[in-house]
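J.: Sharing a model that was predicted from the sequence below.
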Amino acid sequence: LAKDPLLNVCMDAKHHKTQPGPEGKLHAQCSLWKDNACCTANTSVEAHQDQSRLYNFNWNHCGVTPAKCKRHFIQDACLYECSPNLGPWIDQADSSWRRERILHVPLCREDCEDWWKDCKDYDTCKENWHKGWN
């Protein structure tokens, strides 16, 4: 059988391993990928920290983020850091800390609705989380 070149690959990014493989001790929400991951155990722990060293980001940048809301962002971080099956959505990036990123990854309607329901009452003081942090 021909192997799909878009699956079982890791992005060329800051915290990703070069090849996916087992990581038996992935933390909490990232443990879904423990059998075949692009992240390390340390990365999975950092994805759950309020003040993460992964990208020097604080989930509570505009006040305390409720746990029910934060869990969606942590799951998103785990998917980004750990999944070896994002190949179809990998795009080139022109930045000092990553050569690739993901774009247009589909989200199940029920996940989107749950994310909205759990976060709709939380305010952010930042218009764009991808730039302008000093």
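T.: Thanks, I have the structure now. Numbers count the residues shown, from 1 in each chain.
J.: Let's check: the centremost residue of the protein is which one?
T.: residue 77 (2.0 Å; CA atoms, centre = their mean).
J.: Where does that residue sit: helix, strand or coil?
T.: helix (DSSP: H, G, I helix; E, B strand; the rest coil).
J.: Contact partners for it?
T.: For residue 77, the contacting residues are 47, 54, by CB atoms under 8 Å, 6 or more residues apart in numbering. (C-beta placed from N, C-alpha, C; glycine too.)
J.: Relative to residue 5, how far out is it?
T.: Residue 77 sits 25 Å away from residue 5 when distances are taken as CB to CB, to the nearest Å.
J.: Which pLDDT value belongs to the closest residue to residue 25 other than its chain neighbours?
T.: In space, and not counting its chain neighbours, residue 25 is closest to residue 41: 4.6 Å by CB to CB, 6 or more residues apart in numbering. What the model reports as pLDDT for residue 41 is 89.
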